[in-house]
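Asker: structure for this input, please:
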Amino acid sequence: QVQLVESGGGVVQPGGSRRLSCGASGSNGDDYDRGWCRQAPGKEREAVSCIRLSDGSTVYAHFVKGRFTISRDHAQNTVYLQMNSLTPEDTAVYYCAAGVVAALHPSAFGSWGQGTQVTVSS
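Answerer: You can find the predicted model right below:
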């Protein structure tokens, strides 16, 4: 089991930026695809992005494409989510996740962090 810990959440103004970080611990912490999902109040959890272990390729949900960037630091066993041009619709709890991702969907991930709140508001 991979232990994941997110950080970087907070309140940001519309149009602003925020970077989330996700550290992993455990003997196999760097052996999985890594990604981010989010869940807004009253809504189902949705996948945002992932970065694959095999070749570093990235996948984005259509609603963040061009605004969010996922990256991975293997030496630090850390994954980042750079979020730009944020809107109130991006307000959610953001979860770091690990798994084997064939298709971008929350069910592809087997390990989860505790979540970090991102609120976009003026």
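
Asker: in the sheet, who's paired with the spatially closest residue to Val100 that is not a sequence neighbour?
Answerer: Once flanking residues are discounted, Val100 sits nearest to Asp33: 6.0 Å by CB to CB, 6 or more residues apart in numbering. C-beta: built from backbone N, CA, C; applies to glycine. Asp33 forms beta bridges with Gly99, as assigned by DSSP bridges.

Asker: so who does Asp33 touch?
Answerer: By CB atoms under 8 Å, 6 or more residues apart in numbering, Asp33 lies in contact with 50-53, 98-101, 108.

Asker: make it 7 Å
Answerer: 50-53, 98-101 (CB atoms under 7 Å, 6 or more residues apart in numbering).

Asker: give me the mean pLDDT for stretch 65-85.
Answerer: Mean per-residue pLDDT for stretch 65-85: 95.

Asker: swap in stretch 35-46?
Answerer: Mean predicted lDDT for stretch 35-46 stands at 97.

Asker: list the buried ones in it?
Answerer: The neighbour-count check on stretch 35-46 (16 or more other CB atoms under 10 Å) flags 35-38, 45-46 as buried.

Asker: any chance of those in JSON lines, plus secondary structure and distance to Gly26?
Answerer: As requested, those are exported to JSON lines (DSSP: H, G, I helix; E, B strand; the rest coil; distance: CB to CB, whole Å):
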{"residue": "Gly35", "secondary structure": "strand", "distance to Gly26": "17"}
{"residue": "Trp36", "secondary structure": "strand", "distance to Gly26": "19"}
{"residue": "Cys37", "secondary structure": "strand", "distance to Gly26": "19"}
{"residue": "Arg38", "secondary structure": "strand", "distance to Gly26": "23"}
{"residue": "Arg45", "secondary structure": "coil", "distance to Gly26": "22"}
{"residue": "Glu46", "secondary structure": "strand", "distance to Gly26": "26"}
